[in-house]
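Colleague: sequence unknown, structure follows:
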């Protein structure tokens, strides 16, 4: 036989295969018809799935947006930024919160020692100052002297010039304080405190009150990029107020170095610098390892870990609604089986098999769950769009999140629809025909 005589067409599909495909399509059409006849009950049954998907997708999208924004803001500070914190980091990579809140082990001696480490270009002590920022201004109104007082909530930090320069936000007006002015009562206002205190007027040369002391404003920072986002809110970039470190520690009670910020040279290997910094701190503290070195990558890792834990907890809580919705689907399908017992008997009498009945009712349960998931996704997209438009949050709905939500909905339909479907498929046709 020649090659031209060989039949290369595909072999005919078995009759059982064709019948399965026909019956599957018929089961789907039958399922849609049955659900449409009781569309009000179907919508009410899907409500639980809709709420569950709406809650889970929205919460996960919000947490994903927070994680992305915080990562962007932290990375914007520079990959070569390193922080030294009081207290030893545990084996799990977590800081001891009590060590961070108590008396700091960091001192000027540590700052001087770290400045000598090869590869370190800038070292800045950071002192957290409690209290609000206040400003008084006397104006003449109707021939009388009226005192106007404004107050702003701010993150007050005492540091040196390098510490202010490390902030990527440039100056809007004024100047930085110089090393020779570290013991003078000067301050640099962030954009938000300046706006809250002085509005659109210039703040240069004016006085503000912090911790009961007066400070002269010599500079104002510009509005940070992406101001108003949650990342900026968490990092406090727009609410910062800088004071000279020596003046703050001399005049404000309980002033201590809470952090030390370092900027390193990109040319030096990061791992080697970190090892040297750790050893320098141990030597400076008499052999005690009571301070920790945190790189940008490590800081992001800790933040991501906390956000992932929060996401998992919120997802677990909201997943309860999906379980309740699945139980609701199972109850409704059991009622449906009872109502349609006579129909099942007729179908079995005319040749429907057990698997046909099972697939029909299972298809109805999956359709209910899947359609509820689609509605929940649409509503969650609208909710996330509204949150992004009217709040600092920027939720992110990713394609894997959508696929996961639909897969979970399908699984809920299958798991909670199996029992009613099996029960329907096992009905005796004679008993079913007698049912009224």
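Modeller: That came through fine. Since we're looking at a predicted model, the values are computed, not measured. Numbers count the residues shown, from 1 in each chain.

Colleague: can you pull out the helices in the stretch 301-436 of the chain?
Modeller: With DSSP state H, counting those that start in this stretch applied, the stretch 301-436 of the chain shows helices at 341-349, 354-390, 399-425, 429-434, listed in chain order.

Colleague: swap in the stretch 151-300 of the chain?
Modeller: Taking DSSP H, counting those that start in this stretch as the criterion, the stretch 151-300 of the chain carries its helices at 161-165, 191-198, 230-235, 245-251, 270-284, 296-339.

Colleague: same question for the second one, mean pLDDT?
Modeller: This predicted structure assigns helix 191-198 an average pLDDT of 88.

Colleague: for the fifth one, same thing?
Modeller: In this model, helix 270-284 has a mean pLDDT of 85.

Colleague: Show me the contact partners of it.
Modeller: In this structure, residues lying in contact with helix 270-284 by CB atoms under 8 Å, 6 or more residues apart in numbering are 80, 82, 84, 109-110, 113-114, 116-120, 262, 264, 288-289, 291, 293, 295. Any C-beta I mention is one placed from the backbone N, CA and C, and that applies to glycine too.

Colleague: Buried ones among those residues?
Modeller: Neighbour counting over the contacts of helix 270-284 (16 or more other CB atoms under 10 Å) leaves 80, 82, 84, 110, 113-114, 117, 119-120, 262, 264, 291, 293, 295 as the buried ones.

Colleague: Please flag which of those residues sit within strands.
Modeller: 82, 84, 120, 262, 264, 291, 293, 295 (DSSP state E).

Colleague: Help me confirm that the fifth one comes into contact with residue 119.
Modeller: Yes. With contacts defined as CB atoms under 8 Å, residue 264 counts as touching residue 119 at a distance of 5.1 Å.

Colleague: hmm, back to that, least reliable of the helices of the stretch 151-300 of the chain by average pLDDT, please.
Modeller: In terms of mean pLDDT, the lowest-scoring of these is helix 230-235 (a mean of 46).

Colleague: Only the buried residues of stretch 394-401, if you could.
Modeller: Going through stretch 394-401 with 16+ other CB under 10 Å, the ones that come out buried are 394, 395, 396, 397, 401.

Colleague: Pick out the residue closest to the middle of this protein.
Modeller: residue 63 (2.3 Å; CA atoms, centre = their mean).

Colleague: Nearest residue to that one in space, ignoring adjacent ones along the chain?
Modeller: In this structure, residue 63 finds its nearest non-sequential neighbour in residue 311, 4.2 Å apart by CB to CB, 6 or more residues apart in numbering.

Colleague: okay, now the domains of the chain?
Modeller: According to automatic domain parsing, the chain comprises the domains 23-71+305-434, 106-289.

Colleague: mind checking which of the ones you listed is nearest residue 88?
Modeller: Judged by CB to CB, the one of the domains of the chain that comes nearest to residue 88 is domain 106-289, at 5.5 Å.

Colleague: Just the strands from the stretch 1-150 of the chain, written as ranges.
Modeller: 81-86, 120-129, 133-141, 144-152 (DSSP state E, counting those that start in this stretch).

Colleague: Let me see the contact set for residue 209.
Modeller: In this structure, residue 209 makes contact with 133, 134, 135, 136, 215, judged by CB under 8 Å, 6+ apart.

Colleague: count of residues packed around the fourth one?
Modeller: What that stands for is residue 136. Residue crowding around residue 136 was assessed by other CB atoms under 10 Å; the count is 14.

Colleague: List the residues that contact the closest residue to it other than its chain neighbours.
Modeller: Closest residue to residue 136 apart from its sequence neighbours, by CB to CB, 6+ apart: residue 149 at 5.1 Å. By CB under 8 Å, 6+ apart, the contact set of residue 149 is 134, 135, 136, 137.

Colleague: Quick check: the gap between the closest residue in space to the last one that isn't next to it in sequence and residue 201.
Modeller: Going back to what we said before, that points to residue 137. Closest residue to residue 137 in three dimensions, ignoring its sequence neighbours and counting by CB to CB, 6+ apart: residue 148, at 4.9 Å. Distance check for residue 148 against residue 201: by CB to CB, to the nearest Å, it reads 12 Å.

Colleague: same check, this time on residue 396
Modeller: In this view, residue 396 and residue 201 are 39 Å apart by CB to CB.

Colleague: same deal with residue 386?
Modeller: From residue 386 over to residue 201 the distance is 35 Å, taken as CB to CB.

Colleague: Buried members of the contacts of residue 209 into ChimeraX, please.
Modeller: This is how ChimeraX selects the buried members of these, with burial counted by 16+ other CB under 10 Å:
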select :133,134,135,215
